[in-house]
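Undergrad: please find the sequence and the predicted model below.
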Amino acid sequence: MDLQLNDKVAVVAAASRGLGRAVAEALAAEGARLAICSRDRGRITAAADAIRDATGSDVLALECDVTDPAAVARFAATVLDHYGTAHILFTNAGGPPPGSVLDFGADDYAAAVELNLLSTIRLVNAFLPAMQRQGWGRIVASTSISVKQPLPNLALSNVARAGVVAYIKSLSQRVAADNITANTVAPGYIMTERVDQLLDDRAAREERTPAEVREDLAGDIPARRIGRPDEFGALVAFLASEPAAYITGTTLLIDGGMYQGLM
Ligand code: NAD
């Protein structure tokens, strides 16, 4: 299938590693020109060099903390000045710290909302006008399986990410007639450095070996394995494509069957 992404300008937030990096790689492999960011200039530049070497795509790498409104505004201005427009936006950021619902006060919830929800809204506000001007756009927001099934030890994430789904759904209805889609993707467990670290921490807490913890987790997933970043990248590349034009306002799980509900 031709995703028709050649020369499209794709903005990928939080892309120096993990899911964001996998999305950037998938889009570049399909011929998109990239603008990627993360908080550390050295790391995002290294990611850009690697993606450029692997795909030959144009990659603009910029430092931007997505929780900083001025930094997001500078990022968008630089990208739009460099490429003249943006066709695709993948919103993403780090995850809030783990903990259960009563471990946190209102300030902790506010910080999580800032990190995961307000960063999404700021990025959309910055890039949507260019999509509206050209009458074509794809917005994909990264969330988590927790938007379908709250996770016991990730209360901050559960709360902040539900708002992302509500925002993207509302947005999708407003912009669908402009040929702009807006969807959320909800990963279960995809093996990134963050997940690796979370599993190592769990092994230390439970005084078990990291291999035992990984085996147990995989055993709880119907697919009997943790997902790969390239599988996540492929899903986002499809949602960002021309053939996905009629998919909007939805949340797509990518979890190896882990979600237990019907809908
Ligand atoms: P990761 O820690 O491996 O990578 C996170 C990336 O985000 C890095 O490039 C980091 O530099 C960047 N980043 C973090 N905070 C940022 C900020 N404020 N501004 C700009 N860049 C920032 O994590 P990951 O596994 O790729 O996860 C990405 C997001 O998806 C996180 O919010 C995570 O909680 C969520 N998530 C991941 C999984 C999974 O299985 N990997 C599952 C559910 C949800």
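TA: On my side now, so go ahead.
Undergrad: for this structure, which residues are neighbours of the ligand?
TA: Within the chain, the positions lying close to the ligand (CB under 6 Å from any ligand atom) are 14, 16-20, 38-39, 65-67, 92-95, 142, 144, 187, 189-190, 192-195. The way it works is simple: take the backbone N, C-alpha and C, and place the C-beta from them, glycine included.
Undergrad: let me know the secondary structure of residue 259.
TA: Secondary structure for residue 259, judged by DSSP: H, G, I helix; E, B strand; the rest coil, is coil.
Undergrad: phi first, then psi, for it.
TA: Taking degrees, to the nearest 10, you get phi -60, psi 130 for the backbone angles of residue 259.
Undergrad: tell me where the chain has helices.
TA: Taking DSSP state H, the helices of the chain run over residues 18-29, 41-55, 69-83, 106-112, 119-134, 155-175, 193-205, 210-220, 229-239.
Undergrad: who does the longest one touch, helix- and strand-wise?
TA: Taking 3 or more CB pairs under 8 Å, 6 or more residues apart in numbering; DSSP states H and E as contact, the helices and strands that helix 155-175 lies on are helix 106-112, helix 119-134, strand 137-142, strand 180-187.
Undergrad: for the last one, same thing?
TA: Using 3+ CB pairs under 8 Å, 6+ apart as the contact definition, the elements that helix 229-239 packs against are helix 18-29, strand 137-142, strand 180-187, strand 251-254.
Undergrad: 10 Å - rerun?
TA: Helices and strands touching helix 229-239, as assessed by 3 or more CB pairs under 10 Å, 6 or more residues apart in numbering; DSSP states H and E, comprise strand 9-12, helix 18-29, strand 88-91, strand 137-142, strand 180-187, strand 251-254.
Undergrad: so the longest one versus helix 193-205, what angle?
TA: Here helix 18-29 runs at 150 degrees with respect to helix 193-205, directions being taken by axes from the mean of the first three to the mean of the last three CA atoms, to 10 degrees.
Undergrad: with only the CA atoms kept, save helix 18-29 in PDB.
TA: C-alpha atoms of helix 18-29 as PDB (Å, rounded to 0.1, in the frame of the first residue of the first chain):
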ATOM      1  CA  GLY A  18      11.300   5.300  22.500                       C
ATOM      2  CA  LEU A  19       7.800   5.600  20.800                       C
ATOM      3  CA  GLY A  20       8.500   9.100  19.400                       C
ATOM      4  CA  ARG A  21      11.700   8.000  17.800                       C
ATOM      5  CA  ALA A  22       9.900   4.900  16.300                       C
ATOM      6  CA  VAL A  23       7.200   7.100  14.800                       C
ATOM      7  CA  ALA A  24       9.900   9.500  13.300                       C
ATOM      8  CA  GLU A  25      11.700   6.500  11.800                       C
ATOM      9  CA  ALA A  26       8.500   5.000  10.300                       C
ATOM     10  CA  LEU A  27       7.400   8.300   8.800                       C
ATOM     11  CA  ALA A  28      10.900   9.000   7.400                       C
ATOM     12  CA  ALA A  29      11.000   5.500   5.900                       C
END
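Undergrad: now the angle from that helix to helix 229-239?
TA: Using the same axes, to 10 degrees, the direction of helix 18-29 lies 60 degrees away from that of helix 229-239.
Undergrad: quick check: angle from helix 18-29 to strand 137-142?
TA: Using the same axes, to 10 degrees: helix 18-29 against strand 137-142 is 150 degrees.
Undergrad: perfect, I'm done here.
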